[in-house]
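Enquirer: Structure for this input, please:
(one chain, ligands or ions: 1)
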Amino acid sequence: MSERVTVDPTDCPSWSVLRTEADRMRQKSIRSLLRGDREFLRINAAAMSFDFSRQRLDAAVVDSLIQLAEETGVRQSIDAMFAGNRVNGTEGRAALHVALRSGLEDQYAVDGNEVAEDVHGVLERMETFAEEVRSGAHRGATGERITDVVNIGIGGSDLGPAMAYQALRAYRDPNITCHFVSNVDPADIIDVLSQVEPEQTLFIVASKTFTTAETMINAQRARAWIVDQLGDGAIGAHFAAVSTAEQHVHEFGIEPENVFGFWNWVGGRYSLTSAVGLSTMLAVGPACFRELLDGARAMDIHFRETPLADNAPVLMGLCAVWNRNFMQMSTSAVLPYSRDLARLPAYLQQLTMESNGKSVRVDGTPVTYDTGAVYWGEPGTNSQHSFFQLLHQGTEDLCSDIIISARPTASDQASGAGVVDQHDVLIAHALAQASVLSVGLTRGEVAATGVSEDLVPHKVMPGNRPVSVIMMDVLTPFALGALLAAYEHSVFVQASVWQINPFDQWGVELGKKVASGIVDDIHRRQVEDSELDPATQKSLAAYLARRDEASS
Ligand code: F6P
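Expert: As a prediction, this is how the structure comes out:
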């Protein structure tokens with residue numbers, strides 16, 4: 001994107017058309033739209049179906065959205081990303097995560113250098129290491145088998161692996177349990193260390209930069225724990241690292257054969273398919289991990305090669321733009337009807353909000369329109385019993401994605417009678433919510449049910465809450481890879497329309513710097529002369545006073 005001339009999307013002819021279309025659509029209900037032909041809003045990609053028919057738009061709106069995509073250069077942006085151009089302008093980097101799941105025959109290059117050999121070299125080393133750990137060839141320092149893997153990382157070095165570990169429950173090796181430590185809150189690592197035995201534990205320190213404070217503090221604590229329990233010489237057998245920063249890893253003391261690299265053209269939140277997925281590979285095995293990559297690759301190919309109007313991530317992204325900029329919706333719920341996808345909303349929060357929470361364009365000029373929405377969610381059916389009331393009858397319109405699978409996993413099906421029937425109930429709930437959110441129930445329909453007059457207004461369901469339904473056959477590694485890639489590309493499409501850089505995250509830096517200053521202030525016990533604002537000085541003084549009082 002940085003290499004293109006920035007356009008103001010609001011200056012595009014299609015933008016004004018879409019504003020008029022939005023007024024037209026507000027006069028139409030989703031219920032009435034559903035009476036027309038909606039087939040053009042159902043797309044199959046990478047063995048998955050994307051049903052956008054419950055969006056509050058019609059063919060004319062989609063045409064104008066495609067025109068907006070063309071006028072803002074979405075196709076050129078896609079080509080630039082796949083070409084390995086430095087689309088992450090503020091960091092001067094390419095964003096070539098698609099190369100991580102490439103076949104050897106796919107030709108991806110950064111600055112003219114093909115990356116396939118490097119990518120496959122690391123992948124093969126990860127596979128060898130994973131096989132060794134899983135087979136017991138790699139053992140702890142005392143000769144015991146590794147039974148527990150602790151991934152220490154945060155943000156993109158945690159959310160993807162933690163989400164995938166849970167999502168792929170059915171494919172895990174029962175002899176290996178993964179744990180995830182991310183928070184600098186000491187409770188996190190203390191809790192995990194209390195569950196594992198040092199002789200049987202492998203720590204993976206995952207950090208692209210190997211400087212992230214939370215990760216380094218937790219990694220040092222884990223290191224001290226191993227040294228204390230097993231001695232200095234045990235580090236080699238009990239630590240692996242995933243990073244782009246070889247020198248820092250070396251200084252930490254991790255054996256070079258246990259270090260798995262990746263590249264600065266992989267953004268943290270786009271890194272699950274890099275060596276950051278090592279814990280996933282240890283849990284599910286190299287073959288399943290390859291299937292995850294294959295699923296992502298299938299979606300990458302669809303995204304790259306399919307015309308905009310038939311392209312699932314493009315339509316997904318354009319629906320998001322439509323809902324954000326023209327239907328004025330500021331939040332978007334992610335509702336997986338799958339307990340195994342419980343961490344998907346958290347994963348997507350980083351992907352969507354760290355990517356598109358921007359208010360300047362790639363050329364530094366301020367946007368004059370809304371960008372990234374707030375993403376949040378929880379699995380159904382639990383969420384139905386907490387926040388769905390607001391989704392249905394709150395004053396704010398919002399959109400949602402409902403994610404379902406046609407069948408339970410094979411192992412769940414094999415676990416006993418009635419599993420498919422129970423899954424039917426799960427999906428019945430998902431479809432019921434998709435229907436009620438979008439179609440609603442009118443005053444007349446409520447009255448016709450015979451409820452007393454005074455209750456009628458309370459039972460009216462406004463509807464017109466747009467819902468996309470994403471369906472896979474079964475939650476397999478392939479399906480998960482395809483789903484994640486679809487979201488990655490949807491985020492990219494939105495950013496391309498908005499002319500923002502989805503690959504940097506400058507907004508998180510200042511907080512880190514200020515926190516580090518406060519840590520210094522605490523060590524020096526200097527509050528009054530610190531550079532903090534008056535309110536924070538007071539809070540810090542109150543904290544220190546209360547802390548000291550509590551410990552005396
Ligand atoms: O929160 C900012 C961030 O840089 C994320 O983008 C990244 O995923 C996370 O910190 C962790 O970074 P690292 O992998 O370098 O430790």
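
Enquirer: Which residues of this structure lie near the ligand?
Expert: The chain comes close to the ligand at residues 153-157, 207-209, 212, 215, 268-269, 354, 505, 508, as judged by CB under 6 Å from any ligand atom. C-beta: built from backbone N, CA, C; applies to glycine.

Enquirer: what about the residue of the stretch 351-500 of the chain found nearest the ligand, distance to Asp521?
Expert: Closest approach of the stretch 351-500 of the chain to the ligand (CB to the nearest ligand atom) occurs at Glu354, with a separation of 5.8 Å. Distance of Glu354 to Asp521, computed by CB to CB, to the nearest Å: 28 Å.

Enquirer: Now list the buried members of the residues of the chain next to the ligand.
Expert: 153-157, 207-208, 212, 215, 268-269, 354, 505 (16 or more other CB atoms under 10 Å).

Enquirer: got CSV for the residues you listed, with pLDDT and secondary structure too?
Expert: What follows is those, written out as CSV (pLDDT from 0 to 100; DSSP: H, G, I helix; E, B strand; the rest coil):
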residue, pLDDT, secondary structure
Gly153, 98, coil
Ile154, 98, coil
Gly155, 98, helix
Gly156, 98, helix
Ser157, 98, helix
Ser207, 97, coil
Lys208, 95, coil
Thr212, 97, coil
Thr215, 98, helix
Gly268, 98, helix
Arg269, 98, helix
Glu354, 98, helix
Gln505, 98, coil
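
Enquirer: would you list these in a markdown table and tack on distance to Ser383?
Expert: Below are those laid out as a markdown table (distance: CB to CB, whole Å):
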| residue | distance to Ser383 |
| --- | --- |
| Gly153 | 27 |
| Ile154 | 25 |
| Gly155 | 24 |
| Gly156 | 25 |
| Ser157 | 27 |
| Ser207 | 32 |
| Lys208 | 32 |
| Thr212 | 31 |
| Thr215 | 31 |
| Gly268 | 27 |
| Arg269 | 23 |
| Glu354 | 23 |
| Gln505 | 28 |
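
Enquirer: Which of the residues you listed sits closest to Gln229?
Expert: Gln229 lies nearest to Thr215 out of these, by CB to CB, at 21.1 Å.

Enquirer: my guess is that closest one contacts Ser207, does it?
Expert: Yes: using CB atoms under 8 Å, Thr215 is in contact with Ser207, at 4.6 Å.

Enquirer: Now do the shared contacts for the two.
Expert: Gly153, Ile154, Ser157 (CB atoms under 8 Å, 6 or more residues apart in numbering).

Enquirer: Tell me who's in contact with the residue lying closest to Arg443 once chain neighbours are set aside.
Expert: Excluding its sequence neighbours, the residue lying closest to Arg443 (CB to CB, 6 or more residues apart in numbering) is Val460, at 5.3 Å. Contacts for Val460 were tallied using CB under 8 Å, 6+ apart; they are Gly440, Leu441, Thr442, Arg443, Val446.

Enquirer: quick one: which helix or strand includes the last one?
Expert: Spelled out, it's Val446. helix 443-448 (DSSP states H and E).

Enquirer: Neighbours of Lys512, how many?
Expert: 13 (other CB atoms under 10 Å).

Enquirer: Report the contact partners of it.
Expert: Ala213.

Enquirer: list the buried ones in stretch 359-372?
Expert: So for stretch 359-372, counting by 16+ other CB under 10 Å, buried means Arg361, Val362, Val367, Tyr369, Thr371, Gly372.

Enquirer: End to end on that stretch, go ahead and measure it.
Expert: Using CA to CA, to the nearest Å, one end of stretch 359-372 lies 9 Å from the other.

Enquirer: Would you mind checking the average pLDDT for it?
Expert: When pLDDT is averaged over stretch 359-372, the result is 97.

Enquirer: Could I get the pLDDT score of Gly232?
Expert: Quick fix: residue 232 is Asp, not Gly. For Asp232, pLDDT reads 94.

Enquirer: now the strands: where do they sit in this protein?
Expert: Per DSSP state E, the chain carries strands over the ranges 42-45, 48-54, 109-110, 113-114, 148-152, 177-181, 201-206, 239-243, 259-261, 331-336, 374-376, 399-405, 467-472.

Enquirer: nearest spatial neighbour of Thr273, skipping sequence neighbours?
Expert: Thr273's closest residue in space is Leu100 (CB to CB, 6+ apart), at 4.2 Å.

Enquirer: Any idea how many residues pack against that neighbour?
Expert: For Leu100, the neighbour count with other CB under 10 Å is 27.

Enquirer: That one reaches Asp294, doesn't it?
Expert: No: contact status for Leu100 versus Asp294: not in contact, 12.0 Å apart, counting by CB under 8 Å.

Enquirer: got the buried residues for stretch 403-417?
Expert: Using 16+ other CB under 10 Å as the test for burial, stretch 403-417 gives Ile403, Ile404, Ser405, Pro408, Thr409, Asp412.

Enquirer: can you check stretch 45-53 too?
Expert: So for stretch 45-53, counting by 16+ other CB under 10 Å, buried means Ala45, Ala46, Met48, Ser49, Phe50, Asp51, Phe52, Ser53.

Enquirer: how about the helices of the stretch 301-450 of the chain, start to end?
Expert: Counting by DSSP state H, counting those that start in this stretch, the segments of the stretch 301-450 of the chain that form helices are 312-321, 344-349, 355-356, 388-393, 410-414, 419-439, 443-448.

Enquirer: Having no further points to raise, I will conclude here.
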